[in-house]
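>>> sequence unknown, structure follows:
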């Protein structure tokens, strides 16, 4: 079993949860932060377009979704990295990589 798989095994997670290393609040936080960040980033973009005197900022904001979408993704990754650091693991530990299953994983990913 790989190191990441050991860190994410149900037994290890239960033991970290019992000692308070894993927060039960973190998954709920992640669920609500992403849409909140999306609304905030889009609102800031509309405000900036208004300040730049765009004729219709609520329509012009549609062209900027890749920019504020990237900001939202980076914010969520930063939050996730902070939360897993509090748990005593790394962000890469959430991804279990097994070379023996690589061909099957690639086929599943393409499918």
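Alright, I've got the coordinates. What you see is a predicted model, and the numbers here were worked out from it, not measured in a lab.

>>> quick one: secondary structure of residue 66?
Under DSSP: H, G, I helix; E, B strand; the rest coil, residue 66 falls in the helix class.

>>> next, count neighbours for it.
Burial of residue 66 is recorded as 8 neighbouring residues (other CB atoms under 10 Å). C-beta coordinates here come from the backbone N, C-alpha and C atoms, glycine included.

>>> distance of it relative to residue 10?
38 Å (CB to CB, to the nearest Å).

>>> where does pLDDT dip in this protein?
The chain contains residues with pLDDT under 70 at 1-8, 96-97.

>>> redo that, cut-off 50
Residue ranges of the chain with pLDDT under 50: 1.

>>> so residue 89, which of the three states?
Three-state call for residue 89 (three-state DSSP): coil.

>>> so residue 44, which state does it fall into?
Three-state call for residue 44 (three-state DSSP): helix.

>>> switch to numbering from 302
Fine by me, first position is 302 from now on; the one you just mentioned is residue 345.

>>> what count of nearby residues applies to it?
By other CB under 10 Å, neighbour count at residue 345 equals 13.

>>> against residue 360, how distant is it?
17 Å.

>>> and for residue 313?
In this view, residue 313 and residue 360 are 50 Å apart by CB to CB.
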